[in-house]
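*Asks:* how would this look folded up:
(one chain, ligands or ions: 2)
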Amino acid sequence: MSSKCSEHDVNSNPTQVLKDEHRVIERVLDAVERSLGHEAVDKVFFEKALDFIRNFADGCHHAKEEGQLFPVLEESGVPREGGPIGCMLNEHEQGRSLVRLMADNLEAAAGGNRAAVGTVHQAAADYVELLRQHIQKEDTVLFVVADQRLGAEQKKLVMAAFDRAEEAGGDVGKHARYVALADELAQWTFGND
Ligand SMILES: [Fe+2]
Ligand SMILES: [Fe+2]
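*Replies:* Ligands and ions are numbered 1, 2, ... in the order given. As a prediction, the model looks like this:
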């Protein structure tokens, strides 16, 4: 059993670990987008999706970027303010605001309140759009810069920092649990599917 929220072999590159997590996150974004084709807000689906977003996409994945990769990139000369790192941090914050909007309106939306349904649907659509383009920028721009700038030793240090951060969480099997949750959401059947 592992206590880590990502599992990788010793030769992994930190950006590859993050890209693998992007593919899991995208499966949940697809499921959230699919939910928008249904007028009623499925409370159980959204509770599970918000759990995934808060604890895996943000708690595990964005935390690795903000806490470990971005600081090392900054040290290597990639600017924060007015540069790609500041932009990525800003988008993480925008995502958190949209998640709060969904969470705050979920109960009323599930109860059929029209304004709350509109708010949840709009916030969910905005979140999907925000995260898709955010992931694309990281995969094709920032991580490419990281691969070029960071030497083998720095990459090893970032990987070790990923492991330490995850072990500090002490949550056995977290990664496997959230990948399974992504599978469950990807196969979710909505009311009138
Ligand atoms: Fe990010
Ligand atoms: Fe990311």
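
*Asks:* okay, which residue is most central for this structure?
*Replies:* For the chain, the residue whose C-alpha lies nearest the mean C-alpha position (Cα atoms, centre = their mean) is Ala57; its distance is 2.3 Å.

*Asks:* For that one, which non-adjacent residue is spatially closest?
*Replies:* Among residues not flanking Ala57 along the chain, Ile25 sits closest, at 5.0 Å (Cβ to Cβ, 6 or more residues apart in numbering). Bear in mind the C-beta positions are built from the backbone N, C-alpha and C, glycine included.

*Asks:* And Ala165, by the same measure?
*Replies:* Once flanking residues are discounted, Ala165 sits nearest to Gly67: 6.0 Å by Cβ to Cβ, 6+ apart.

*Asks:* Distance-wise, check that neighbour relative to Glu166.
*Replies:* 11 Å (Cβ to Cβ, to the nearest Å).

*Asks:* Looking at those two, which is more packed in?
*Replies:* With other Cβ atoms under 10 Å as the criterion, Gly67 and Glu166 differ in neighbour count, and Glu166 comes out ahead with 21 against 12.

*Asks:* any idea how far that one lies from ligand 1?
*Replies:* Between Glu166 and ligand 1 the distance, using Cβ to the ion, to the nearest Å, works out to 17 Å.

*Asks:* Quick check: mean pLDDT of the helix or strand harbouring that residue?
*Replies:* Following DSSP states H and E, one finds Glu166 within helix 152-169. On average, the pLDDT along helix 152-169 is 87.

*Asks:* Relative to the whole chain's centre, how far out is the very next helix or strand once past that helix?
*Replies:* Helices and strands here follow DSSP H and E; after helix 152-169, the next one along the chain is helix 174-186. Centre-to-centre, helix 174-186 and its host chain are 13 Å apart (Cα atoms, centre = their mean, to the nearest Å).

*Asks:* likewise stretch 59-68?
*Replies:* Here stretch 59-68 is found 9 Å from its chain centre; the criterion is Cα atoms, centre = their mean.

*Asks:* Show me what that stretch is in contact with.
*Replies:* Contacts to stretch 59-68, defined as Cβ atoms under 8 Å, 6 or more residues apart in numbering, come from residues 5-6, 14, 17-18, 21-22, 25, 88-89, 92, 95, 138, 158, 161-162, 165-166, 174-175, 178.

*Asks:* In the worst-scoring helix or strand of the chain on mean pLDDT, which residues are buried?
*Replies:* Across the helices and strands of the chain, mean pLDDT, DSSP states H and E gives its lowest value to helix 152-169, namely a mean of 87. Judged by neighbour count (16 or more other Cβ atoms under 10 Å), helix 152-169 contains these buried residues: 154-156, 158-159, 161-162, 165-166.
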